[in-house]
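In: When you get a sec, could you give me coordinates for this:
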Amino acid sequence: MQNILFIINHKAGDDKPTNLKDIIVDLSKQLNYKFHIYYLGDNPEQGIKSAIHQYEPTIVAAAGGDGTINLVASII
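Out: Predicted coordinates:
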C-alpha cells in the first residue's frame, strides 16, 4: 500500500475555493492509499522534516506555489 504525505500551502493559489482535502480523501479511498496531510505553518522547513520522519511516506506530494514546491524539493 502506498503511504502518501501531502504537503499543502493553503495560502497559495487564487481565491477560488477548492476543497483539496475532500479530493485527496475520495481518491485515496478509491485507490486504497494511506495518506496524511500536512498544512504549512510558521516553521515550514522543520514541520516538513518532522512530518516526513513521523509518517515515513513512500510518496511526498506538494501543493502550493513555486516557493512551496522548491522548499519541499530541497528537503526531500
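In: contacting residues for Lys49?
Out: Residues counted as contacts of Lys49 (Cβ atoms under 8 Å, 6 or more residues apart in numbering) are Ile75. (Each C-beta comes from the backbone N, C-alpha and C, glycine too.)
In: Report the separation between it and Ile7.
Out: Taking Cβ to Cβ, to the nearest Å as the measure, Lys49 falls 11 Å from Ile7.
In: Now for Phe6, how many residues are close by?
Out: Here the number of neighbours of Phe6 (other Cβ atoms under 10 Å) works out to 20.
In: check which helix or strand covers it.
Out: Assessed by DSSP states H and E, Phe6 sits inside strand 3-8.
In: which neighbours does that strand have in its sheet, and in what orientation?
Out: Partner strands for strand 3-8, per DSSP bridges, with pairing direction: strand 34-39 (parallel), strand 59-63 (parallel).
In: now these as a markdown table including mean pLDDT?
Out: A markdown table is the format used below for these (pLDDT from 0 to 100):
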| stretch | mean pLDDT |
| --- | --- |
| strand 34-39 | 96 |
| strand 59-63 | 95 |
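In: hang on, Asp42 is in a strand, isn't it?
Out: No: read with DSSP: H, G, I helix; E, B strand; the rest coil, Asp42 is coil and lies in no strand.
In: Neighbours of it, how many?
Out: Neighbour number of Asp42 under other Cβ under 10 Å is 6.
In: And for Leu5?
Out: Neighbours around Leu5, by other Cβ under 10 Å: 23.
In: wait, isn't it in contact with Ile59?
Out: Yes: Leu5 is in contact with Ile59 according to Cβ atoms under 8 Å; the separation is 7.2 Å.
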